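K.L.:
Here is my input, please return the structure:
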Amino acid sequence: MRFSSKILLFGEYSVLHGSDALLMPFPEYSGYFDFYSDYHNPSPKELTSNQSLLQFRDYLLNSITNLKIYIETFSSELSNGLYFNSNIPIGYGSGSSAALVAAFYNRYVVRSASHKLDKHLIKTKDELAELESFFHSKSSGFDPLVSLVNNPVLSRKGNIVPVEVKLSKFHPFLIDTRIERNTASLVALFNEKMRDKHYQSIMQNELVGYSNSCIDAVLNEDANRFFENIQRLSGSQLTYLADMIPTEYVPLWQQGLNTDKFYLKLCGAGVGGFILGFARKANIKSILPNAIMI
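P.N.:
Residues are numbered from 1 along each chain as shown. Now for the predicted structure:
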């Protein structure tokens, strides 16, 4: 069973200070558990993944958790060449560890018959966060939840709701910067900026509002409202989150704002990984040939 990568459509940084967040699976990239193609001669990729899973197993053995895990089965399968076969880019914030954690939860975590994923999303999210903390010092659990339920998820005022997302009116696309990034250091930089009261006010009064308006417009398929607010959000990110935008992509970012043909925004923490864009018309690849359509 494959588990998709994810895209944080809206909510990066602003979700830390009260905004909603909208995430969706992106099956273009995915991963699944598999066994060595040749047990006696595993590829470097297979061996590296297996060794990482062994470290994860050791972490689980030494951690205090209320989760019931088929740990002996996991250990046995690791000895037989289990690895996570994935094409999800690492260091992109697109959910490489989230897909692995979702796959692990699905395969090795014991759940009661009454534990229905669609009825216990918050509980499931918290359990996934506990598992993903091995890969990130702190995890919200949202990313692996999206991979596990394979459905867009809206986080709003403490509630988690599966939603239907139709993006055909907004012509979304990704730009691959081919730059790996360190999310933890970027979040630390943002938190440092938030110590400034003026900056904090801008985030809460502008970016949170624009982000929430974009989410509402997407859920209501309101193209006019969406492009009005994505233009504002793109401009505000360029002004107030410039440190999170790769320098070489600033001219392209500005080009979109100047021409009103497309708008770029952060896709997660920024600096590297993917940049998310939305175009007014479907022919965006005539302007950006390397755009990855969503």
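K.L.:
Tell me the spacing between residue 222 and residue 214.
P.N.:
Using C-beta to C-beta, to the nearest Å, residue 222 is found at 10 Å from residue 214. Every residue, glycine included, has its C-beta placed from N, CA and C.
K.L.:
Also residue 98?
P.N.:
As for residue 98, its distance to residue 214 is 23 Å (criterion: C-beta to C-beta).
K.L.:
Residue 289 now?
P.N.:
For residue 289 relative to residue 214 (C-beta to C-beta), the value is 26 Å.
K.L.:
likewise residue 250?
P.N.:
From residue 250 to residue 214 the distance is 21 Å (C-beta to C-beta).
K.L.:
just residue 84 next, same as before
P.N.:
The gap separating residue 84 from residue 214 is 33 Å, by C-beta to C-beta.
K.L.:
more neighbours, those two?
P.N.:
residue 214 (26 against 23; other C-beta atoms under 10 Å).
K.L.:
Residue 289 - how many residues pack around it?
P.N.:
Applying other C-beta under 10 Å, we find 7 residues neighbouring residue 289.
K.L.:
any idea whether it is helix, strand or coil?
P.N.:
Applying DSSP: H, G, I helix; E, B strand; the rest coil to residue 289 yields a three-state assignment of coil.
K.L.:
Name all residues that make contact with it.
P.N.:
Not one residue lies near residue 289 by C-beta atoms under 8 Å, 6 or more residues apart in numbering.
K.L.:
how much space is there between it and residue 272?
P.N.:
Residue 289 is 21 Å from residue 272, where distance means C-beta to C-beta.
K.L.:
Where does the prediction get shaky in the chain?
P.N.:
The model of the chain has pLDDT under 70 over residues 16-18, 113-119, 137.
K.L.:
Show me the domain layout of it.
P.N.:
By the record's domain assignment, the chain is partitioned as 3-162, 172-293 (automatic domain parsing).
K.L.:
which residues of the stretch 1-150 of the chain fall in helices?
P.N.:
Per DSSP state H, counting those that start in this stretch, the stretch 1-150 of the chain carries helices over the ranges 44-62, 71-79, 96-108, 121-132, 142-149.
K.L.:
between the first one and helix 71-79, how big is the angle?
P.N.:
So the one you mean is helix 44-62. If you take axes from the mean of the first three to the mean of the last three C-alpha atoms, to 10 degrees, helix 44-62 sits at 160 degrees to helix 71-79.
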